[in-house]
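here is a sequence with its predicted model. Questions after.
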Amino acid sequence: MRVNPLKFKINAFILFTFLICGCDSIVLSTPSPTPDFEKTVYWLVDEAVSKASTQIMFDVDQKFATMEAKQPSPIENTIETPTPAVSVVTAPFRGTSVPEALRKKENSVIENTPPSCIDSLKFVEDITIPDKTVVKAGKPFTKTWKIQNTGTCTWTEAYSVVFSDGDKMSALDRTGLPVGTSVKPNDTIEVSVYMIAPEQSGSYAGYWLFESPSGIRFGAGSNRDKPIWVKVEVK
């Protein structure tokens, strides 16, 4: 039995295309009869190849579309964690505001803190250069007062005698109490300031106060503001 090679090739191609693309059938349109049978056969083969190629591309597109549809959406992969419910517990009102409580606490601290000591003095007497003492012009002299501590603080070497007003007569602005000084309340101390008489003759007066270590100045009297002084006659 002799097999037509061309017919065998056509059948083999149709079977191979059917197995690959899974097509249920491949319909080949029957061309109009033509006197040239060989040309007709080749035309049939070309049309079958074109249809098979189209079917294969359609199937491939369908498979890709199916795979994309099965891909999980990023939104679907996001797991939302439920927010736990927060229960608010309201404390019972006790009728006391915070500022009021703080005010009472601060008051209690202040009430428990002892008041700071008070500085005050009293002039006792002039040890040197009493009032209206005559001094020579341009000559040095030392003024010494005897002072009583009438306050509640103990005076130490950190206290000073400071110039307040009047004629300073070349004295220092501040003269500290001697090293090792400890003048308890009601005790007395003699304090001295070195001065130089002015060159011009006349009456001169200088006024002085005490100063605490914290820089607070004080003197005598009920308001602790009366200074001690030196008054001389320069000749």
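That came through, no problem. Remember, it's a predicted structure, so these values are computed and weren't measured experimentally.

who's the residue lying closest to A197 once chain neighbours are set aside bridged to?
Leaving aside its sequence neighbours, A197 sits nearest to V135 (CB to CB, 6 or more residues apart in numbering; 4.4 Å). (Glycine included, C-beta is placed from N, CA and C.) Counting by DSSP bridges, V135 forms beta bridges with V234.

residue contacts, V135?
When contacts are counted by CB atoms under 8 Å, 6 or more residues apart in numbering, V135 touches I129, F141, A197, V232, E233, V234, K235.

cutoff 7 Å now
Applying CB atoms under 7 Å, 6 or more residues apart in numbering to V135 gives the contacts F141, A197, V232, V234.

the third one and Y194: what is the separation?
Taking CB to CB, to the nearest Å as the criterion, V232 is separated from Y194 by 14 Å.

neighbour count winner among those two?
Higher neighbour count among V232 and Y194: V232, with 24 against 13, using other CB atoms under 10 Å.

is it correct that the more buried one is in contact with Y204?
Yes: applying CB atoms under 7 Å, one finds V232 in contact with Y204, separated by 5.5 Å.

which stretches of this protein have low pLDDT?
Applying pLDDT under 70 to the chain flags residues 1-61, 63-115.

mark out where each domain of the protein begins and ends.
Per automatic domain parsing, the domain ranges recorded for the chain read 5-70, 121-234.

can you report how many residues lie near L209?
By other CB under 10 Å, the residues close to L209 number 21.

equivalent analysis for the one 10 residues further on, please.
Counted by other CB under 10 Å, the residues lying close to G219 total 21.

same check on C117?
For C117, the count of nearby residues is 12 (other CB under 10 Å).

and the one 4 residues further on, by the same measure?
Counted by other CB under 10 Å, the residues lying close to L121 total 26.

hmm, W155 and it touching each other?
No: in this structure, L121 is not within contact of W155 by CB under 7 Å, at 8.8 Å.

what is in contact with those two at once?
Common contact partners of L121 and W155 (CB under 7 Å, 6+ apart): N149.

so V162 bridges to which residues?
Beta bridges link V162 to R174, L209 when assigned by DSSP bridges.

actually M195, not the one I wrote
Where M195 sits in a bridge, its partners, by DSSP bridges, are F141.

and it, what is it in contact with?
P140, F141, K143, M169, S170, A171.

PyMOL command for the buried members of these?
In PyMOL, a selection of the buried entries from these looks like this (16 or more other CB atoms under 10 Å):
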select buried, resi 141+143+169+171
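
where exactly do the strands run in the protein?
121-126, 133-135, 140-149, 155-156, 160-166, 174-176, 182-183, 188-196, 202-211, 217-218, 228-234 (DSSP state E).

return the distance of G202 relative to R224.
As defined by CB to CB, G202 lies at a distance of 31 Å from R224.

same question, I118
With CB to CB as the criterion, I118 and R224 are 8 Å apart.

what ranges does this protein have for its helices?
For the chain, the helices defined by DSSP state H occupy 5-21, 37-70, 74-77, 98-112.

Throw the contacts of V135 into a markdown table and include distance to S164, thanks.
What follows is these, written out as a markdown table (distance: CB to CB, whole Å):
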| residue | distance to S164 |
| --- | --- |
| F141 | 19 |
| A197 | 19 |
| V232 | 17 |
| V234 | 20 |
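
and the furthest pair within those?
The two members of those with the most space between them (CB to CB) are F141 and V234, at 10.4 Å.
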